[in-house]
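Visitor: Quick check, what structure comes out for this input:
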Amino acid sequence: MKVRLRLAPLEEKPEIAALLRRYLTELGPWGYDEPDAYPFLDSYWREPRRFPYVIEAEGRVAGFTLVNAISISGYPVEASIAEFYVLPELRRTGCGSEAASRAFHTRSGWWELSFHRDNAAARAFWPTTAERAGGKRIQFFDIGESRILRFRMSR
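Guide: Take a look at the predicted model:
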């Protein structure tokens, strides 16, 4: 499967907003009960250290990821995945792993991301994906109900 990660222009914000709503609705069991109340989306086109990406598979939109440089753990980071979504019909095809790997290779240095500790799919996906992408010095932190994954990428 041919997977591409590309920066989303402002014109694609409505499409990302629609995907974001689906994503947040899916995360409902883990406390995300307001899919229309995501306060940071506009900032991804206004602030210099925020990057909205579209994930494409075989030339069609397959999802999105929002990357910023905000530390979740309190330790310095070069990048952090704030949100990541792949359409359900494309999961377990390698699309998500490839898209995440491409995102990780956009910047070297420390990366972080977090997920709910009870989300079994995320617990299985993220550590394996980070390691396969070349992530080193993989660390985990638990804060409340969240598990933070921290790792170092080199170019």
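Visitor: dump the residue contacts of the spatially most central residue of the chain.
Guide: Geometric centre of the chain, nearest residue: Phe84, 3.1 Å, by C-alpha atoms, centre = their mean. By C-beta atoms under 8 Å, 6 or more residues apart in numbering, Phe84 lies in contact with 63-66, 96, 99-100, 103, 113. Quick note: C-beta positions are derived from backbone N, CA and C, even for glycine.
Visitor: Which helix or strand contains it?
Guide: Assigned by DSSP states H and E, Phe84 belongs to strand 79-86.
Visitor: In helices only, show me the contacts of Phe84.
Guide: Those of these mapping onto helices are 96, 99-100, 103, per DSSP state H.
Visitor: closest to Lys2 among these?
Guide: Taking C-beta to C-beta as the measure, Lys2 sits nearest to Ala99 out of the ones in helices among the contacts of Phe84, at 11.5 Å.
Visitor: Can you get me a residue count around that closest one?
Guide: Using other C-beta atoms under 10 Å, Ala99 has 27 other residues around it.
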